[in-house]
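Undergrad: What shape does this take:
(4 chains)
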Protein chains: 2
Amino acid sequence: MEYKKELQRLIAEFKTNYLSSVSIDLVIFGFHDGQLKVLLLRWKGTDDWCLPGGRILHEENLDEAAYRSLRERTGLSEIFLQQFHTFGDVMRYKNFSKQETLLKLGLPDEAQRELVSRDVSVGYYALVEFAEVTPTPDFFTEECRWWDVDQIPLLLFDHNDMITIALKTLRRQLSYQPIGYKLLPEKFTMPDLQQLYETILGQELDRRNFQKRMLGYNILERLEERKFGGAHKAPYLYRFDKEKYEKALANESLFVG
Amino acid sequence: MEYKKELQRLIAEFKTNYLSSVSIDLVIFGFHDGQLKVLLLRWKGTDDWCLPGGRILHEENLDEAAYRSLRERTGLSEIFLQQFHTFGDVMRYKNFSKQETLLKLGLPDEAQRELVSRDVSVGYYALVEFAEVTPTPDFFTEECRWWDVDQIPLLLFDHNDMITIALKTLRRQLSYQPIGYKLLPEKFTMPDLQQLYETILGQELDRRNFQKRMLGYNILERLEERKFGGAHKAPYLYRFDKEKYEKALANESLFVG
DNA sequence: CCAAAAGTGTTAGTCATACACCCATGC
DNA sequence: GCATGGGTGTATGACTAACACTTTTGG
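TA: Residues are numbered from 1 along each chain as shown, chains lettered A, B, ... in the order given. Here you go, the predicted model:
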């Protein structure tokens, strides 16, 4: 069987090329249709979903491995990516029992030992521009698509926890530094940005205070253009001043040398 | 030679009992004499210091492994311990070149391959009560002692970075949640607590505002006792209300299910 | 011209900062 | 008794939250 052969090849590759016992999991956020989305993968031959992940090459920095994995799933290269927590519980089979999980994965015994053995996993979250993503499954999965964050099903392993914690981190991040670049198209209106914030935070914000705060960050550039076509007064378009944006990010970011 | 034999045994044990490619590093903070201290280890036969670390048993949760390692170095069991960042750069030899580092460690070739090969390391920081710690070196080190945070020498690997980031995290933590339990003796005065905060933050605080803020958290219990012996007015003693303290911690802590 | 959304400014309230006074203790 | 630190209260400023009016657009 083709699958089994390829699997064997993969396991061999895993053992020689990648660090054992460590992996990466990605919570990739996108924003579309007024909804915050997460990219999930469906395991081959099952109805079960999980987060995209990756492994680390022997001579590869952890961050680079995360970037590479992200690129492989989305086709994107320039994105906001940040480590948020490392997961290392032995029982990472919260939602289904270990037996159940292994059954669901449908792997041959030897593959189980190699692939589903206990790993420590470093969680990263990414903010990407929805429209530019080409969701791409990997060898173990046959579907890759966006899910609304508030409609995530029971996932394999501890991946529901990962999303919860990623979201918490993202929300906290939002409160002390600007976010939005790469989550929105290049030009956007203030209401667009506000909707993004409201969606991430899960609560409504005051239109006028929001605008004041955003302009106060001094990272937005108001264009002459406006966005017509809506049924009402045409809002201005804005663009991130990338230089100032990066500066603001670096300023408050925890992990700057 | 005794050392070499023991080393071989250890390597074998490492390979069978612990996860490969992942390790733990600990930034253990204590407070004494108006100074914030970090526990460091001196490598056998060298003048070079590094952070205490540990490895993860196959059937052990990541957090438990960190607790265990902490216990081994300090003798303490009930302490504040928190994961703060995971380090995975290939070149974790910032301060000295890789050649230099390996030379310094003075390990036989085969041990180098096994022990100093590239690991991803999960950083934890701990707050402990200085007076109750019994610093204990491990097999590779011959001295374990406290260092003032502002007098840390060039450390092996990327351990200076780790301390920097741990301290940054601690400082941020301080600004949105109470800290002090287990860093101070059970009974302490308000000036004691303030000194702790000032030391961690590296800046002076207003005495009166500080007191207001602390009492506002509603986690302190003022005792009838006062602390005499100082040359001036005797300050009240306080104690943490453990229940309320834990609640306050849980409230704002990121990683609560 | 009307409904609905967008632009803008003003006020109130809360929280952090700055500061002043009195009191107790050991020398 | 006096120098020094500790206990407590009040005024001020900054930032956030609450809110109102006018303007513009498509239907």
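Undergrad: C-alpha only now, for contacts and for neighbours.
TA: Noted.
Undergrad: how close does the residue in the stretch 101-250 of chain A that DNA strand C sits nearest to sit to residue A:25?
TA: Nearest residue of the stretch 101-250 of chain A to DNA strand C: residue A:235, at 3.5 Å (CA to the nearest atom of the strand). Distance, residue A:235 to residue A:25, using CA to CA, to the nearest Å: 39 Å.
Undergrad: got it, and residue A:123?
TA: 5 Å.
Undergrad: cool, and residue A:31?
TA: Look at residue A:31 and residue A:25: by CA to CA, they are 20 Å apart.
Undergrad: What of residue A:177?
TA: As defined by CA to CA, residue A:177 lies at a distance of 24 Å from residue A:25.
Undergrad: Of those two, give the one with the bigger neighbour count.
TA: residue A:25 (24 against 15; other CA atoms under 10 Å in any protein chain shown).
Undergrad: From what I see, residue A:111 and residue A:10 are in contact.
TA: No: in this structure, residue A:111 is not within contact of residue A:10 by CA atoms under 8 Å, at 9.6 Å.
Undergrad: what angle sits between the lengthiest strand in chain A and strand B:22-32?
TA: In chain A, assigned by DSSP state E, the strand with the most residues is strand A:22-32. Taking axes from the mean of the first three to the mean of the last three CA atoms, to 10 degrees, one finds strand A:22-32 and strand B:22-32 inclined to each other by 80 degrees.
Undergrad: for strand A:22-32, packing partners?
TA: strand A:35-43, strand A:53-54, helix A:62-74, strand A:120-127, helix A:159-176, strand A:180-184 (3 or more CA pairs under 8 Å, 6 or more residues apart in numbering or on different chains; DSSP states H and E).
Undergrad: Within the sheet, what are the partner strands of the shortest one, with directions?
TA: By that I understand strand A:53-54. In the sheet, strand A:53-54 lines up against strand A:22-32 (antiparallel) (DSSP bridges).
Undergrad: Tell me the buried residues in the strand it pairs with?
TA: For strand A:22-32, burial by neighbour count (16 or more other CA atoms under 10 Å in any protein chain shown) applies to A:22, A:23, A:24, A:25, A:26, A:27, A:28, A:29, A:30, A:31.
Undergrad: For the stretch 101-250 of chain A, what lies in contact range of DNA strand D?
TA: Applying CA under 7 Å from any atom of the strand, we find that the stretch 101-250 of chain A lies next to DNA strand D at A:206, A:208, A:209, A:213, A:228, A:229, A:230, A:231, A:232, A:233, A:234.
Undergrad: mean confidence for whichever strand or helix holds the third one?
TA: Assignment of secondary structure by DSSP states H and E places residue A:209 within helix A:207-217. pLDDT averaged over helix A:207-217 equals 93, rounded to a whole number.
Undergrad: just stretch A:18-38 next, same as before
TA: Computed over stretch A:18-38, the average pLDDT equals 94.
Undergrad: ditto for stretch A:109-128
TA: Per-residue pLDDT over stretch A:109-128 has a mean of 87.
Undergrad: What residues of that stretch count as buried?
TA: A:111, A:115, A:118-128.
Undergrad: for stretch A:139-159, same thing?
TA: Quick answer for stretch A:139-159 (16+ other CA under 10 Å): A:141, A:144, A:146, A:147, A:148, A:149, A:152, A:155, A:156, A:157, A:158, A:159.
Undergrad: Nearest to chain B among those residues?
TA: residue A:158 (11.6 Å; CA to the nearest CA).
Undergrad: just checking, the residue of the stretch 101-250 of chain A closest to DNA strand C touches residue A:223?
TA: No: counting by CA under 8 Å, residue A:223 is not a contact partner of residue A:235; they are 10.6 Å apart.
Undergrad: More neighbours: these two, which one.
TA: residue A:235 (16 against 13).
Undergrad: List the contacts of the residue positioned nearest the centre of chain A.
TA: Against the mean C-alpha coordinate of chain A, by CA atoms, centre = their mean, the closest residue is residue A:28 at 1.3 Å. By CA atoms under 8 Å, 6 or more residues apart in numbering or on different chains, the contact set of residue A:28 is A:38, A:39, A:125, A:126, A:127, A:128.
Undergrad: same thing but 6 Å
TA: When contacts are counted by CA atoms under 6 Å, 6 or more residues apart in numbering or on different chains, residue A:28 touches A:38, A:39, A:125, A:126.
Undergrad: For residue A:32, see how far away the nearest residue to the second one once chain neighbours are set aside is.
TA: Once flanking residues are discounted, residue A:39 sits nearest to residue A:146: 4.5 Å by CA to CA, 6 or more residues apart in numbering or on different chains. For residue A:146, the distance to residue A:32 (CA to CA) stands at 10 Å.
Undergrad: what's the answer for residue A:82, then?
TA: To residue A:32, residue A:82 is 21 Å away according to CA to CA.
Undergrad: With distance to residue B:189 as new columns, can the helices and strands packed on strand A:22-32 be given to me in TSV?
TA: Shown next, in TSV, are the helices and strands packed on strand A:22-32 (distance: least, CA to CA, whole Å):
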stretch	distance to residue B:189
strand A:35-43	48
strand A:53-54	50
helix A:62-74	44
strand A:120-127	41
helix A:159-176	33
strand A:180-184	45
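Undergrad: Who is residue A:25 paired with across the strands?
TA: residue A:53, residue A:123.
Undergrad: Actually, residue A:83.
TA: Beta-bridge partners recorded for residue A:83 (DSSP bridges): residue A:124.
Undergrad: So what's the residue count around it?
TA: A count of nearby residues for residue A:83, using other CA under 10 Å, gives 22.
Undergrad: Correct me if wrong: it contacts residue A:121.
TA: No: Residue A:83 lies out of contact with residue A:121 (CA atoms under 6 Å); the separation is 10.9 Å.
Undergrad: what's the straight distance from one end of stretch A:113-126 to the other?
TA: 30 Å.
Undergrad: now it, how far from the chain's geometric center?
TA: Distance of stretch A:113-126 from the chain centroid (CA atoms, centre = their mean, to the nearest Å) equals 15 Å.
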